[in-house]
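Asks: Structure of the sequence below:
(chains A, B, C and D)
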There are 2 protein chains.
Amino acid sequence: MGGMTGSPARTGANLGGRPAATSAHKLAEVAQELFLDKGFSETSVDDIAAAAGVSGRTFFRYFATKADVLWINTPIELDRVREGLEAAPAGERYQDTLCLVVPTAYVHSPRERVWALQRAELVIREPAVQAPMSPHLADFRDVVAAFVARRLDCDPADMVPVAVSASALSATMTAHEYWVSHPSEDLPSLIERMLRLMLPRLDGV
Amino acid sequence: MGGMTGSPARTGANLGGRPAATSAHKLAEVAQELFLDKGFSETSVDDIAAAAGVSGRTFFRYFATKADVLWINTPIELDRVREGLEAAPAGERYQDTLCLVVPTAYVHSPRERVWALQRAELVIREPAVQAPMSPHLADFRDVVAAFVARRLDCDPADMVPVAVSASALSATMTAHEYWVSHPSEDLPSLIERMLRLMLPRLDGV
DNA sequence: CAGGTTATGTCAGCCACTGACAAAAGTAAA
DNA sequence: TTTACTTTTGTCAGTGGCTGACATAACCTG
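Replies: Okay, here's the model as predicted:
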C-alpha cells in the first residue's frame, strides 16, 4: 500500500482538538517549489517545514520519508487507471486496453510538465527517491495484475498476470527514462509505444 | 559504474605504505553473517566494522553505503553474462540467447542459496537496500542493450534495445520475487520462464 | 635512520528519522 | 464560564548512516 499521506487524519466530523497548522498538500506544494529551486538533496526537511510554518517533527507526521512528498497524488492517478481498466469493454484485447488506459494517467498540463520532468529525473538519479517508491510500484502492478487475472480468469499471483503487470510497469518507467533524455517527445505516446513493444503477446502461452 | 568496492586500491606493485587491516571481501563476509543472524536493519555499520576488527570509518572507505556490501560479486557475475552473450552464435534468435545465458548467472551452490534467498527478500523489503542497487541494474541493462544493438545493427539507445534490456531486467527481478514466495522452485528456470514470457517478439516491429 | 607512501583511527558534524512528553488550541458538556 | 476531552503541534534527546579534516600508525626504499 502507499505511504501514510496525512497522518493527522481528521476522521470525519470535527469533534474538537487543536486544528492542523498545515496539510499534506500544503507541505507537498512548498516542497515542490524548494526542490525546483535548490534541488532535492540540497533541501532539508527542516527547510520544507520552516517554509510551511511548522516544525520539522510535524513534517514526519504527514510523510514517512522526505521523498514521499513526491507521490502525494499517485493514489488518485492509480484509481483512475483502475477505473479505466474496469470500465473497458470485455471483448477488447488486453494489450489494447492497457495501451489505451495507462497512458491517460500521465497526461500533464504544461505547468505540471516541468514538475513531472524534474520528478522523473529525480527517480533516475536520487537513491533516496527510489527507495520509498516501491510501495507505489507494487500498487500499480497489483491493479494491472488484477485486471489481467479477471480477463484470463486466473489468480493474480499466477505467473502470467505477474509477468504482464511487471512488463506494464517496466514499460511505463522505461518510457519515463526515455522521456528524460528526449523531453520534447510526448510522454503518453512514449508510454503507449513502450507498452506495445514490451507487453507479452499471450497467443501461444 | 557500480559501487567503489575497495577504495583503498593498491595500485599494482606494493611500494610502501601501511598495510590494509581488512578488505572488501572480508567486510562483506562478516556483514553477511551478521545479516543472516540479526537482520539487515538491526545490524549497524559499526557492528560490521567491529566484527571485522576495524573502525566504522574504515567501512566507508571500502563501501559507499551499508547496502553496497550485498553487491560485491555482481560485477564478476555480470562479466560472465557479457562474455556469454558475446560468445553466442550469431545465427541464434536473440531471445534464445538471452534465455540461455542470463539464467546461468544465477546458479547457486546449496550454501550460496540461503544467502541469495535472504538477499532477494531484502531487495523486496528494505528501501535502504533498493536504493544503491540501481547502478548495478543499469549495468545489467547496458550489457543486454549492447548485445541487442549488435544483433540488430542499431544504436543501444534506440527504443528497441532499451525496451528489450528493460524487459530482461524486469523478468530477472520478477523471477527473483516469485522465487521468494516459492523458494522450493529452481531460480534459474524461473528466470528462463519469465524471460520467455516477457521478452518482446521482434517479428513485426 | 630519515623520508615518502598508504591505510587507519579519531573527532566533529550534517541530516533523515523516531519516541516520549508537555503544551497549545480547539469543541462539547456541565 | 468553567471543566473535561480531543487532537495536533513543538521540543528534546537520541540513533544511525555518512562525510570531511587531520593526525598517526605501519610499511617500504634509500
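
Asks: Please parse chain A into its domains.
Replies: A:24-67, A:73-198 (automatic domain parsing).

Asks: Tell me where chain A is predicted with low confidence.
Replies: Applying pLDDT under 70 to chain A flags residues A:1-7, A:10-13, A:204-205.

Asks: quick one: the residue of it found nearest DNA strand D from A:Ala9, how far?
Replies: Nearest to DNA strand D in chain A, going by CB to the nearest atom of the strand, is A:Gly17, at a distance of 2.2 Å. C-beta: built from backbone N, CA, C; applies to glycine. A:Gly17 sits at a distance of 12 Å from A:Ala9 (criterion: CB to CB, to the nearest Å).

Asks: and what of A:Thr174?
Replies: Distance, A:Thr174 to A:Ala9, using CB to CB: 36 Å.

Asks: if you count what's nearby, which of those two comes out ahead?
Replies: A:Thr174 (25 against 10; other CB atoms under 10 Å in any protein chain shown).

Asks: Just the element for the more buried one, please.
Replies: Using DSSP states H and E, A:Thr174 falls within helix A:159-181.

Asks: Give me the buried stretch members for that helix, please.
Replies: A:159-180 (16 or more other CB atoms under 10 Å in any protein chain shown).

Asks: interface residues of chain A facing DNA strand C?
Replies: Within chain A, the positions near DNA strand C by CB under 7 Å from any atom of the strand are A:14-19, A:41, A:43-46, A:56-57, A:60, A:64-67, A:128, A:132.

Asks: same thing but at 6 Å, please
Replies: A:14-19, A:44-46, A:57, A:60, A:64-66 (CB under 6 Å from any atom of the strand).

Asks: Can you list which of those are found in helices?
Replies: A:45-46, A:57, A:60 (DSSP state H).

Asks: Spatially nearest residue to the spatially most central residue of chain A (excluding sequence neighbours)?
Replies: Geometric centre of chain A, nearest residue: A:Thr74, 3.8 Å, by CA atoms, centre = their mean. Distances taken as CB to CB, 6 or more residues apart in numbering or on different chains place A:His136 nearest to A:Thr74, at 5.2 Å, with adjacent residues excluded.

Asks: cool, A:Tyr62 as well?
Replies: A:Ala24 (4.7 Å).

Asks: Return the residues in contact with A:Arg119.
Replies: For A:Arg119, the contacting residues are A:Leu70, by CB atoms under 8 Å, 6 or more residues apart in numbering or on different chains.

Asks: re the thing from before, filter the ones in helices among the residues of chain A next to DNA strand C down to the buried ones, ChimeraX style.
Replies: Buried members of those, defined by 16+ other CB under 10 Å, are picked up in ChimeraX with:
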select /A:45,60
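
Asks: Distance to B:Tyr106 added to the ones in helices among the residues of chain A next to DNA strand C, as a markdown table?
Replies: Below are these laid out as a markdown table (distance: CB to CB, whole Å):
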| residue | distance to B:Tyr106 |
| --- | --- |
| A:Val45 | 39 |
| A:Asp46 | 44 |
| A:Arg57 | 44 |
| A:Phe60 | 39 |
